[in-house]
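In: Structure for this input, please:
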Amino acid sequence: MQLNQASAVPGVLRLTQAKYQVNGQTIDQTTYFRNQVFSQLNWTHNATKQKDEADIPVSLIIAGVYVGDFDLSLSHKAAWAAGQGNYTTGLHWGDATPHIKQPGLLGRSLYLYEPANGQSRFVIEIN
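Out: Got it, this is the predicted structure:
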């Protein structure tokens, strides 16, 4: 996934398809992130905002440097697809925002790794 002006500036990483494939099939971004990648998180429904929300523990690495552990949030709202296949899940940078708004990060690749070996944190690496 490439970091670009649209995803970096507002403090939300919009999780989109980006032609990503699993087992030779292009993902359906309207369900993939909520129901596959982050299915094990404790999602709750926010009736006021009409969306599902979850906290995601993340270790952030930028250009090979560990910058810290952050408790970020995710939001998922099926209506955001608007019948056009738009994004439905967003990662909110929260306290990590100052790190990802540094000059020179635009155009870099972002990698998301699920927790491994019993660790509780996802890893986001920006190279």
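
In: Let me see the ranges of the strands in this structure.
Out: 12-15, 21-22, 25-26, 44-46, 51-62, 65-76, 89-92, 110-113, 122-126 (DSSP state E).

In: Could you list the paired strands of the first one along with their orientation?
Out: Think strand 12-15. strand 89-92 (antiparallel) (DSSP bridges).

In: what does the strand it pairs with rub up against?
Out: 11-15, 29, 33-34, 38, 56, 72-76 (Cβ atoms under 8 Å, 6 or more residues apart in numbering). Quick note: C-beta positions are derived from backbone N, CA and C, even for glycine.

In: Show me what the residue most central in space within the chain is bridged to.
Out: Among the residues of the chain, the one closest to the centroid is residue 91, at 3.9 Å (Cα atoms, centre = their mean). Under the criterion DSSP bridges, residue 91 forms beta bridges with residue 13, residue 74.

In: Would you check how far apart it and residue 105 are?
Out: Distance, residue 91 to residue 105, by Cβ to Cβ, to the nearest Å: 15 Å.

In: Rebuild the strands of the chain as a markdown table, extending it with mean pLDDT and distance to residue 101.
Out: A markdown table is the format used below for those (pLDDT from 0 to 100; distance: least, Cβ to Cβ, whole Å):
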| stretch | mean pLDDT | distance to residue 101 |
| --- | --- | --- |
| strand 12-15 | 87 | 12 |
| strand 21-22 | 86 | 30 |
| strand 25-26 | 86 | 30 |
| strand 44-46 | 94 | 26 |
| strand 51-62 | 95 | 11 |
| strand 65-76 | 96 | 12 |
| strand 89-92 | 92 | 14 |
| strand 110-113 | 92 | 14 |
| strand 122-126 | 95 | 12 |
